[in-house]
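J.: could you work out the structure for the sequence below:
(chains A and B)
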There are 2 protein chains.
Amino acid sequence: MTKEPKLSLIPLGGLGEIGKNMMVVRFGENILLVDCGLMFPEEEMLGIDIVIPDISYLLENREIVRGIVLTHGHEDHIGALPYVLRQLKVPVYGTKLTLGLLQGKLKEQGIYGEAALHTVKPRDSVQIGPFKVEFIRVSHSIPDAVAVAIHTPLGVVLHTGDFKIDQTPVDGQVTDFQRLAQLGEKGVLVLLSDSTNAERPGYTMSERVVGNTFDETFRQTTDRIIIATFATNVHRLQQAIQAAYKHNRKVAVVGRSMVNVVNIANELGYMDIPEGTLVELEEANRLPRSRVVILTTGSQGEPMSALTRMALADHRQVEILPGDTIIISAIPIPGNEKLVARIIDQLFKQGARVIYEPVSGIHVSGHPSQEELKLMINLVRPKFFVPVHGEYRMLIKHAELARDVGVLPENIFVAENGQVLEFTRRSGRIVGRVTAGKVLVDGLGVGDVGNIVLRDRKLLSQDGILIVVVTINRESGLIMAGPDIVSRGFVYVRESEELLEEAKIKVKSALDKCTEKGISEWSSIKSQVRDALGKFLYEKTRRRPMILPIIMEV
Amino acid sequence: MTKEPKLSLIPLGGLGEIGKNMMVVRFGENILLVDCGLMFPEEEMLGIDIVIPDISYLLENREIVRGIVLTHGHEDHIGALPYVLRQLKVPVYGTKLTLGLLQGKLKEQGIYGEAALHTVKPRDSVQIGPFKVEFIRVSHSIPDAVAVAIHTPLGVVLHTGDFKIDQTPVDGQVTDFQRLAQLGEKGVLVLLSDSTNAERPGYTMSERVVGNTFDETFRQTTDRIIIATFATNVHRLQQAIQAAYKHNRKVAVVGRSMVNVVNIANELGYMDIPEGTLVELEEANRLPRSRVVILTTGSQGEPMSALTRMALADHRQVEILPGDTIIISAIPIPGNEKLVARIIDQLFKQGARVIYEPVSGIHVSGHPSQEELKLMINLVRPKFFVPVHGEYRMLIKHAELARDVGVLPENIFVAENGQVLEFTRRSGRIVGRVTAGKVLVDGLGVGDVGNIVLRDRKLLSQDGILIVVVTINRESGLIMAGPDIVSRGFVYVRESEELLEEAKIKVKSALDKCTEKGISEWSSIKSQVRDALGKFLYEKTRRRPMILPIIMEV
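T.: Coordinates of the predicted model:
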């Protein structure tokens, strides 16, 4: 009897963080990837545009990567594909809307033609290498979201993707409890489940609640209405459009990404827009304000977004006026709180009425709260449980919930990106670690900004830079020009001429000392200059700018 | 009949922001100042340490500034005094603990001897110029907080300071409803009231709730307990110490600012510490862990705080171990959410149990919610109302509450820093504006970092800097050395040698073009170099580093 190949799960992203979700399912010499997302940069990643997972492990095993399956079309699940597909030519499987959104991205990046995209439907199964992958409908804040059940020779791995248990979803497409329960009845080996809201007690409210709030707000409002929400929340947009239609208003969509999503979702049949309800902004601007709704991006206070520009009276086509009602149909993603608060303040200053408190039913989450998480585990009854999609404390909390509903503590794995979880039919354990991490994307550069560059940017951002230039005669070592000092981001020069003059004298005397002592090696001279100047500036200002001596030889 | 002097209120800080509270009360040729606080820098104020109010208006009127009264000892009410007292020699009035905390700051800054500090008690009145200033006890998250009733010839101006309506305060010192009601009965001209929690419905819970939670948590915990909270929350510290005493634990205080506050508060009689309960950390570390409580700073995830260092296993004396229970007795101040979340994650990773959800009764606010705000207005029954201490939307919300309880809409003023509100006995209006704003403190520099420096720091932080140096012969204009290119924060040099080589060629050809065209003015040459190099780099990298050409002449 030959030894049975092993089943491994290797998270390459999404554990211990919100973003860049990517899970490797490996059975023997076959790899299947679930999701391929990006993350938005942390505050300290200065100048970075986006962050994608380190896929060294996949590139080392490129011959055995059989395919990528996608759970839904959010950036943190599909956003790294344009980068990954450049290096890894493998088929991609997803539902219609998910692939529709992906296509847009691939076209933008000029690699659309090269990708092999396969559309699947809920309850479809596809064979990918040794894996039979089944797609199961779940509710989420974007339509066409699925969980994936991966049937392997050792058992079923069920990955929920992002989900919530919405009993009254806007599109009527309830989470496929029947299929989940069937799988639970037959036996699921491992459940990987969404931990985003594992800290929240109770149930997440139905998306329909927001529709009711829109309806009620529209009923009471006689002037223009502006709604800011997430560009991809098609159900939310649909409900806004319905409310507009009911209350005899026209709708204009503002903001590139939202226009894009509405076009794709409408084209693919995921929206039901009454004839004539959607109008161009120009037309909306000619209508009485009581007949207009504007849907827009910027609910996170993003500096370049449409709402931010409106709030700062900097939008070419939309001017906020007293009487406007602005609904922020979102809550700030952690880290964006202050940005959003500032936008709200600005809107109030323009005289608008702003509805933004989450208590008022203008936003609900797309992720499951504790009771839903427990329901999912009880439906599926997995032998092993791995909380995914969450920061560490969320994973911990989710693990506690799993214990509460009866999963054996030794069968629960709170893992980190890069850890290899190995399963047999009977046992599971963490056996090792592969390369995993963050690859920073800055402009066209993928991975060329690392810790040294970030450290320099941090230093530069705190106290600026002083550049000391001196030209020296090659033979005599005598100073031919300079030293000159140029500063940026250190101190306002006109107010500190004296300081910089003194600094120049310090540099000169440091250089003279080098000459006296016969120090001629550039690195030594530079470090003498750096030390003398640094000490002087710290004494005078208590600041530590970067000091960059440059020596030219003639 | 001579014209009666006018009464003006001029906020120099604290309106449209949380921080740097400072209110000018002017009657004729007399100025009284209420509070003198600092603000912590916004995210985009790169490298800035603190922000203080612009006091140009006070300096222009220095001859008529009669005094400064303080409502309580928080940084956002007293933190700018060390800077302001250097420029303005006026007496300062405050309660014992407030002045105790202030003295520490003044000593640190070496200006203690110069300040004239006058201690007052609740229900005291002092005559300051034409103002009779009365101090009225209120509850807050620091002991010895007071409202001030300023009796002027035109009527009473009541400034609440920061307050909450705590019916069961830890020190038993309930807000002085009687005196507030008396003033209301006699008639108050203007009420200035704390807007921090104006968005929150209901009542803020009593500080005592936290004591109960401590007691319950201590009862259930058998290993070490670490509590992180605000250094100045003396009541909170008192309750932790009481719970420790009750459950037979010793308490060690860690973190410079908290040690400092405990020393001052204890010395001045604001704490009741059972003999032998407080121990040094060294002693605590020798005790069984079940007998130890550590009180520490760092509840906001501040990078240099004790808790952060513990979480990162970087604290010299406290090592987090599995079994430790850590209570984060605070909520993140807006902007600190991600910092705090990271610390919690790190503590979990060290194996600790972390109690951090605000729902669990481990923290209550020190500011009044909507019902308390309405109670204050109803107690005081002011003719005019000015919401203070809050961001714009909070002021707006507070103004709505005032309308709800019957203040005439035309008598409510949502003002901005620098606006002059002028009152007679019968009327109030905004009549103009004086200089007000932010003065940035960076190291020893007060106000020397302005918009240009901040803009440069921002630019540097995004894409770094490239310095281009070239030495030119004074007479011939020929290049004698260079061009050399040095970059920092742009790209990791070893991986991009080729790019920088190409860049050098671009610079050379730009310089050659200048020679050909006979361009010899340095500013023109520099701008040619900047343009050519900027264009090249943007094409190659989609980044826009700062480009700094330096020309040396020999």
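
J.: what residues does stretch A:354-365 touch?
T.: Residues outside stretch A:354-365 that contact it (C-beta atoms under 8 Å, 6 or more residues apart in numbering or on different chains) are A:141, A:164, A:196-197, A:200, A:204-207, A:209-210, A:212-214, A:217, A:229, A:325-331, A:340, A:344, A:347-348, B:199, B:201, B:393. Just so you know, the C-beta spots here come from the backbone N, C-alpha and C atoms, and that holds for glycine as well.

J.: of these, buried ones?
T.: Applying 16 or more other C-beta atoms under 10 Å in any protein chain shown to the contacts of stretch A:354-365, the neighbour count classes A:141, A:164, A:196-197, A:200, A:204-207, A:209-210, A:213-214, A:217, A:229, A:325-331, A:340, A:344, A:347-348, B:199, B:393 as buried.

J.: among the contacts of stretch A:354-365, which are in helices?
T.: A:209-210, A:212-214, A:217, A:340, A:344, A:347-348, B:393 (DSSP state H).

J.: tell me the one among these nearest to residue B:137.
T.: Proximity of the ones in helices among the contacts of stretch A:354-365 to residue B:137 (C-beta to C-beta) peaks at residue B:393, which lies at 29.7 Å.

J.: tell me the residues of the stretch 301-450 of chain A that contact chain B?
T.: Taking C-beta under 8 Å from any C-beta of the partner chain as the contact definition, the stretch 301-450 of chain A meets chain B at A:334-335, A:337-338, A:341, A:344-345, A:348-349, A:354, A:356-357, A:359, A:391-393, A:396, A:442-445, A:448-450.

J.: restricted to strands, list the residues you listed.
T.: A:354, A:442, A:445 (DSSP state E).

J.: hmm, who's touching the lengthiest strand in chain A?
T.: Using DSSP E to assign secondary structure, the strand with the most residues in chain A is strand A:479-488. By C-beta under 8 Å, 6+ apart, the residues outside strand A:479-488 that reach it are A:464-473, A:493, A:500, A:503-504, A:507-508, A:511, A:529, A:545, A:552, A:554, B:456, B:460, B:465, B:471, B:546, B:548, B:550, B:552-554.

J.: give the pairing partners of it; include direction for each.
T.: strand A:465-472 (antiparallel) (DSSP bridges).

J.: quick check: mean pLDDT of the strand it pairs with?
T.: When pLDDT is averaged along strand A:465-472, the result is 92.

J.: convert it to PDB, retaining C-alpha atoms only.
T.: The C-alpha atoms that make up strand A:465-472 are tabulated as PDB, following Å, rounded to 0.1, in the frame of the first residue of the first chain:
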ATOM      1  CA  ILE A 465      16.500  66.300   5.100                       C
ATOM      2  CA  LEU A 466      19.600  68.400   5.000                       C
ATOM      3  CA  ILE A 467      22.000  67.900   2.100                       C
ATOM      4  CA  VAL A 468      25.500  69.100   2.500                       C
ATOM      5  CA  VAL A 469      27.500  69.400  -0.700                       C
ATOM      6  CA  VAL A 470      31.200  70.200  -1.000                       C
ATOM      7  CA  THR A 471      33.500  70.100  -4.000                       C
ATOM      8  CA  ILE A 472      37.100  69.000  -3.300                       C
END
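
J.: so how far is it off the chain centroid?
T.: Strand A:465-472 has its C-alpha centroid displaced from the chain centroid by 41 Å (C-alpha atoms, centre = their mean, to the nearest Å).

J.: and for stretch A:118-130?
T.: 27 Å.

J.: what's the burial count for the residue in the stretch 201-350 of chain A that chain B sits nearest to?
T.: Proximity of the stretch 201-350 of chain A to chain B (C-beta to the nearest C-beta) peaks at residue A:345, 3.9 Å away. Residue A:345: 19 surrounding residues under other C-beta atoms under 10 Å in any protein chain shown.

J.: tell me the contacts of it?
T.: B:16, B:391-393 are the contacts of residue A:345 under C-beta under 8 Å, 6+ apart.

J.: give me the neighbour count for residue A:268.
T.: A count of nearby residues for residue A:268, using other C-beta under 10 Å, gives 17.

J.: correct me, but it touches residue A:97?
T.: Yes. Counting by C-beta atoms under 8 Å, residue A:268 touches residue A:97, with 5.8 Å between them.

J.: which of the helices or strands spans residue A:378?
T.: helix A:370-380 (DSSP states H and E).

J.: and the helices in the stretch 351-500 of chain A?
T.: Taking DSSP state H, counting those that start in this stretch to define them, one finds helices in the stretch 351-500 of chain A at A:370-380, A:392-404, A:451-463, A:497-517.

J.: tell me the helices and strands packed up against the helix or strand encompassing residue A:252.
T.: Using DSSP H and E, residue A:252 maps to strand A:250-254. Using 3 or more C-beta pairs under 8 Å, 6 or more residues apart in numbering or on different chains; DSSP states H and E, the elements in contact with strand A:250-254 are helix A:234-246, helix A:281-286, strand A:292-296.

J.: what do you get if the cut-off is 6 Å, keeping everything else the same?
T.: Helices and strands touching strand A:250-254, by 3 or more C-beta pairs under 6 Å, 6 or more residues apart in numbering or on different chains; DSSP states H and E, are helix A:281-286, strand A:292-296.

J.: just the residues contacting the longest one, thanks.
T.: Residues from elsewhere that reach helix A:281-286, judged by C-beta atoms under 6 Å, 6 or more residues apart in numbering or on different chains: A:250, A:252, A:254, A:292, A:317.

J.: cool, and the last one?
T.: Applying C-beta under 6 Å, 6+ apart, the contact partners of strand A:292-296 are A:224-228, A:240, A:244, A:249, A:251-255, A:284, A:306-307.

J.: among those, which ones are buried?
T.: Looks like the contacts of strand A:292-296 have A:224-228, A:240, A:244, A:249, A:251-255, A:284, A:306-307 buried, using 16+ other C-beta under 10 Å.

J.: closest point of the stretch 51-200 of chain A to chain B, which residue?
T.: For the stretch 51-200 of chain A, C-beta to the nearest C-beta, closest residue to chain B: residue A:199, 6.8 Å.

J.: show me what contacts residue A:5?
T.: Residue A:5 touches A:27-28, counting by C-beta under 6 Å, 6+ apart.

J.: please read the previous query as pertaining to residue A:158.
T.: Counted by C-beta under 6 Å, 6+ apart, residue A:158 has contacts A:149, A:188, A:191, A:380.

J.: what does residue A:205 give?
T.: Applying C-beta under 6 Å, 6+ apart, we find residue A:205 in contact with residue A:364.

J.: what subset of the contacts of residue A:345 is also close to chain A?
T.: Among those, the residues within reach of chain A (C-beta under 6 Å from any C-beta of the partner chain) are B:391-393.

J.: can you give me the strands in the stretch 1-150 of chain A?
T.: A:7-13, A:22-27, A:30-34, A:50-53, A:65-69, A:92-94, A:117-119, A:125-128, A:131-137, A:146-152 (DSSP state E, counting those that start in this stretch).

J.: dump the contacts of residue A:345 into JSON lines; add distance to residue B:8 and pLDDT as well.
T.: As requested, the contacts of residue A:345 are exported to JSON lines (distance: C-beta to C-beta, whole Å; pLDDT from 0 to 100):
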{"residue": "B:16", "distance to residue B:8": "19", "pLDDT": "96"}
{"residue": "B:391", "distance to residue B:8": "24", "pLDDT": "97"}
{"residue": "B:392", "distance to residue B:8": "22", "pLDDT": "97"}
{"residue": "B:393", "distance to residue B:8": "26", "pLDDT": "96"}
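
J.: which one (most neighbours) among these?
T.: residue B:391 (24 neighbours).
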